[in-house]
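> using only what follows, build the 3D model:
(4 chains, ligands or ions: 2)
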Amino acid sequence: MSAMIDPAAAAELLAREIRGDFPDARGRFGPFGGRYVPETLIPALDRLEAGMRRWLKDPDYQADLARELNTWVGRPTPLSHATTLSARWGADIWMKREDLAHTGAHKINSAIGQALLAKRLGAKRVVAETGAGQHGVASAAACARLGLPVTVYMGAVDIERQAPNVGRMKLMGATVKPVTSGDQTLRAAVDEALRDWVSDPNGTYYLLGSAIGPHPYPYLVRELQAIIGREARVQMQAQAGGLPTAVFACVGGGSNAIGMFYPFVADRDVEIHGIEAGGRGPGLGDNAATICFGTPGVLQGAYSLLLHDEHGQIQETHSVSAGLDYPGVGPEHAFLSSIGRVKYGSIGDDEALEALEELSCSEGILPAIETAHAFAAAKRYAATHPGARILIGLSGRGDKDMPTLTRTLLKGKL
Amino acid sequence: MSAMIDPAAAAELLAREIRGDFPDARGRFGPFGGRYVPETLIPALDRLEAGMRRWLKDPDYQADLARELNTWVGRPTPLSHATTLSARWGADIWMKREDLAHTGAHKINSAIGQALLAKRLGAKRVVAETGAGQHGVASAAACARLGLPVTVYMGAVDIERQAPNVGRMKLMGATVKPVTSGDQTLRAAVDEALRDWVSDPNGTYYLLGSAIGPHPYPYLVRELQAIIGREARVQMQAQAGGLPTAVFACVGGGSNAIGMFYPFVADRDVEIHGIEAGGRGPGLGDNAATICFGTPGVLQGAYSLLLHDEHGQIQETHSVSAGLDYPGVGPEHAFLSSIGRVKYGSIGDDEALEALEELSCSEGILPAIETAHAFAAAKRYAATHPGARILIGLSGRGDKDMPTLTRTLLKGKL
Amino acid sequence: MSKSLNIAEAIAAAKSAGRPAIVAFMTAGFPRRATFLETLTRIGSAADVIEIGVPFTDPMADGMTIQRASEAALKDGVTLAWILDELRGAAARPAAPLLLMSYLNPLLRFGFDRLPAAARAAGVSGFIVPDLPNEEGDEFATALKAEGLALVQMVTPVTPRERLEALCRHADGFVYAVTMTGITGRSVDVPDEVLSYLDAVRAASGAPVCAGFGIRNRGQVERLAPHVDGVIVGSALVEVLERGEDPAAFLRELHL
Amino acid sequence: MSKSLNIAEAIAAAKSAGRPAIVAFMTAGFPRRATFLETLTRIGSAADVIEIGVPFTDPMADGMTIQRASEAALKDGVTLAWILDELRGAAARPAAPLLLMSYLNPLLRFGFDRLPAAARAAGVSGFIVPDLPNEEGDEFATALKAEGLALVQMVTPVTPRERLEALCRHADGFVYAVTMTGITGRSVDVPDEVLSYLDAVRAASGAPVCAGFGIRNRGQVERLAPHVDGVIVGSALVEVLERGEDPAAFLRELHL
Ligand SMILES: Cc1ncc(COP(=O)(O)O)c(C=O)c1O
Ligand SMILES: Cc1ncc(COP(=O)(O)O)c(C=O)c1O
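Ligands and ions are numbered 1, 2, ... in the order given. All right, here's what the predicted structure looks like:
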């Protein structure tokens, strides 16, 4: 865990975060963030930032976005009461159902928002990276919907473990390019997408899938994902009778989590928990729990926390969930951890799979393996906080994980 | 096509259908329907009917159902405008998004409604059949949600072509029993589910998945699915500026179609089109287009139209879509066809797959192969009715079809 | 004379001999189409009533044994029309009354207008239709009655008292008292409540009462004997045929 | 003397000889760690400036060739610390000024506090950091300046005019003018607009201008010569090393 800063400074930084000061003019959340990219991309990022500031609050863009979110994505997504889990865990469990969003995860919120922006910025084509395939599918869907050609980079290892999503992308007309360099997972896919973008920074829009990367991506993705938390906040008050005691979400790059957390940051009584992939254990290379076990550094455009060795070489990570299997994390999470506003913890592969099965059998909802990490952590929390009112971000559905689940939970049962 | 009755009689029957006279006291829609089951099941059906009449309109049941539909299933599902398809086809295309319902198809509407009923009827366990696996998954989810054990019968052929759904059911705690008798598809699965039910008619609730079977199932399923058409009707008026010129839905057993159609039956200006599986062609055994090519008979509890040979032996059917691959059809559809209120047509395997690809690439929505049949027919209709306002029931998503699509559309592309 | 009376008479004859009547079920054309009449004759030599099963693609009330036999017969080209032709043209038919046991659809497709006469011409005394409950049976029952043929009614342990009485009141030929919930082919050990259920059926019924489903051995027949007029032997007999053993010998074992 | 001046001098020396300077890129420890210094010496015999690539796991601006070399070197255990140790301890170093080309993270991890002095002690004249744009570079540039080391600035054909001028104004050592958008390793045929872009860079820059990305042959160097002070040869040279050919012979081919 990165060292915390002193309480007075932390309080001041939190106040600024709540005021909306971050990212600052340099694209930073406290010390984290920034823009560490080849010079070729600087003008593209400048254009993106200007376009974003021009359009994001524009009534016309907002109307287009709202229409797509409401009539195509299926927003608002419901807030479900987990009746059986509440009884089993002795707490009051609520689930924000991003699994019901079109294409099966929160990723579509950002994909359609960015695709609408790409169109307004005059992009001729889109590139995207994907880990679990969810962002690739979301990008393929959003781009098909808007008539933009899209190329999706996906690590060869992920292509293997998330095979169904590859076919889905292709059926929606996307070009899927397997990445065989580097670790052949999400990190290598981001590298390849960046290489593609560097080759045509004017005509290409890079549709980044998480709250990572150079400024303004962490901000842009947060703004597009914050609808999760905004809806959930209102729904909790209407359905659960008040704000939650604690909010949980899984953290890979951190997009679903920041989308859920950000609207609760000002609610100081609401505990916030980000859950990373504990993989096989705490050893370097055995997990993808960047905030829990990482140290500061620069990867793929931003200064944040990283899993790297003493030479600054990025570590290969391990997680049973492709979507969390990433050695970096969005800079705003590094910041929220440093000021202590959000607590970050980790859940290992086995415990996540157990939680996946428990949720499936108890509530009839098969979550993504990524999502299951948040449930496992909430279960632990409930054990020590009986009666707590817990909101969990159900970031996606598990259909995409059937190949992995067939090899693990379902082994010998099919 | 079954012979039509004379116009005056048809008009009178339509008036009665609109008044809600059907099913009548004997469980019939005109001549179709009834209750052709072993004596062992008669008391169970009587109890089901009484329970249904007791509970279906009960405020408490209605409140439970509404809560599950709104907060767990994700209703109302959106109505999406198909902007690109509208431009391509020269008509105004609207899609009712049952693919966004929890578990990925309309089946959940009926499954959760029946599971809530089963609970009130004191059932100890539930049995269900499934073809495409969607009803099995929906039943597994609904029963998990309500804490009911469920056994799902599924033909061995369907287990093969809809493999991902088998894993999903098991993860949600369902017992999946492969059916190796008969045609090893949906029809054989219904037979097996009935055999199971006959063995314990008191303790077991049979959660039938389509608008087929003995009375009161066709009625019960229609009532639970009619929310599709009720929502769509209101949404068309709000979003499209008026009722559709024509409504399309695919017809297997006919549950999504009757759910969509029923609320439009009284709107005599609205054309209604049910689309069956044309398979490889019109020959007996080459398709599953029961209304188009069938004749009256009794199968699995109801008098309806059937695909059978001159000896009354049920025909093996063919369709690329497991969910339409059934030689019978709900009795209300046979009735609506006989009075000419609904037109039934068919679309072959290849044309359905083409439509699937067109929808995927144009709107970023990968539909179930079943659903794609309705889109292909709507496309044909648009060609001869330029400017028409067309509502299509998007009954489910295509994730479950990836094994089939990998063998067909994606062949050589993965 | 009404053919349906034959059935009651045959059962009464066994009763006079001091034993429950044996109603033997065989799938038409099983194990081989070519030996249909021969098999019929052999079974007829040891049965009081014969149920001839018309094969159907979707035998929803039947267990694996009869499903298998049905499937084999269908593959062999056995149809209702063929069965009736064979029976009509037979040089000799068993003395035991013949019932056709069929799911409804093959009968419907043959046509209720033609079927009763054709059945009568083939020497058939009546029908058992497992998926035709009383509520739906009027049309067919009426058509059969015109030719003096019976439509045998089934009752089950879960049939409510009032309904059971109504069904028995209209019984024709005999009452088929299913001994258990479930499909054919599973063995039952006949618990006491089944016996009292059978007593109730007999009390309500003017017609003889035969118990069926799961009857496989002499012990069961002995236990049932005081409570019924006959027993129906189905899957067990089909298994005998499947194994190529002598059906008559097997049935004679069940004569008390 | 400021080490960064070495660089400009080396380029000026080539210019005096009537040819563009050759800036040669090699991945440290490639093709083998054991021959690092030997390879360096051979390249130094034909290059005016040498860029030594520090391998990194995520070389996002590099094409396949340099990715491969980088991966091989990492597998061989090449690290920044090892490179600096080797250079510091070398019996002889080439006369050509040495630049370290590295992505930011290995430098950060080494520590901006220790790195400049360690680099200077190793005979390094400056750094090229592809993922450190001017906006983020202040801290590192300041630390380097304290030791007289250069932080070479990159400009690209898509850099807007105003920005380009600002970047060139602060250039240190030389201006690295990227000849195309994209990653290293792809060949370019140097269209006219690239030449006028290079002219603009030269007009804006006080420091010498070297063109890089995609330079593979003498023809390109001839075409570029009137517009630049030097050319940077990267992937093509790494491929020469990969094939086990003589790097010095290859580089000498590029001396006009
Ligand atoms: C369902 C789901 N949840 C979570 C994640 C992790 O991404 P993030 O941390 O950006 O939300 C993914 C990534 O693919 C995902 O598919
Ligand atoms: C998506 C979808 N649509 C349609 C059907 C056909 O069923 P029905 O005709 O009952 O709507 C199925 C059956 O599984 C299905 O999964």
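> what sits against residue A:205?
By C-beta atoms under 8 Å, 6 or more residues apart in numbering or on different chains, the residues touching residue A:205 are A:48, A:114, A:117-118, A:121, A:123, A:125-127, A:148. Yep, even glycine has a C-beta here, placed from its N, CA and C like the rest.
> what is it paired to in the beta sheet?
Beta-bridge partners for residue A:205, by DSSP bridges, are residue A:126.
> ok, now how distant is it from ligand 2?
Distance, residue A:205 to ligand 2, by C-beta to the nearest ligand atom, to the nearest Å: 33 Å.
> cool, residue A:329 as well?
38 Å.
> any idea what sits nearest that residue, other than its immediate chain neighbours?
Of all residues not flanking residue A:329 in the chain, residue A:290 sits nearest, at 4.2 Å (C-beta to C-beta, 6 or more residues apart in numbering or on different chains).
> quick revisit: of the contacts of residue A:205, which belong to helices?
Those of the contacts of residue A:205 mapping onto helices are A:48, A:114, A:117-118, per DSSP state H.
> so residue A:137 sits right up against residue A:101, yeah?
No - contact between residue A:137 and residue A:101 fails when scored by C-beta atoms under 8 Å: they sit 11.4 Å apart.
> ok, those two, which is more surrounded?
Remark: of residue A:137 and residue A:101, residue A:137 carries more neighbours, 34 against 26, as counted by other C-beta atoms under 10 Å in any protein chain shown.
> after the one helix or strand residue C:168 maps to comes which helix or strand?
Secondary structure assignment for residue C:168, by DSSP states H and E: helix C:161-169. Counting by DSSP H and E, the next helix or strand C-terminal to helix C:161-169 is strand C:175-178.
> so which elements touch that next one?
strand C:150-155, helix C:192-204, strand C:209-212 (3 or more C-beta pairs under 8 Å, 6 or more residues apart in numbering or on different chains; DSSP states H and E).
> what about whichever residue of the stretch 51-200 of chain C sits closest to ligand 2, how many neighbours?
Using C-beta to the nearest ligand atom, residue C:58 is the residue of the stretch 51-200 of chain C that sits closest to ligand 2, at 18.4 Å. If you count neighbours by other C-beta under 10 Å, residue C:58 ends up with 26.
> surely residue A:395 touches residue A:99?
Yes - applying C-beta under 8 Å as the test, residue A:395 and residue A:99 come out as touching, 7.4 Å apart.
> wait, a strand at residue A:135?
No - Residue A:135: not assigned to a strand; according to DSSP: H, G, I helix; E, B strand; the rest coil it is helix.
> run through the residues that contact it.
Contacts of residue A:135 (C-beta under 8 Å, 6+ apart): A:107, A:111, A:128-129, A:209-210.
> and the pLDDT for it?
Per-residue confidence (pLDDT) for residue A:135: 97.
> the residue nearest to residue A:329: neighbour count?
Close neighbours of residue A:290, defined as other C-beta under 10 Å, add up to 34.
> check the one 5 residues further on too.
Look at residue A:295: counted by other C-beta under 10 Å, it has 15 neighbours.
> I'm done for today, thanks for sticking with me.
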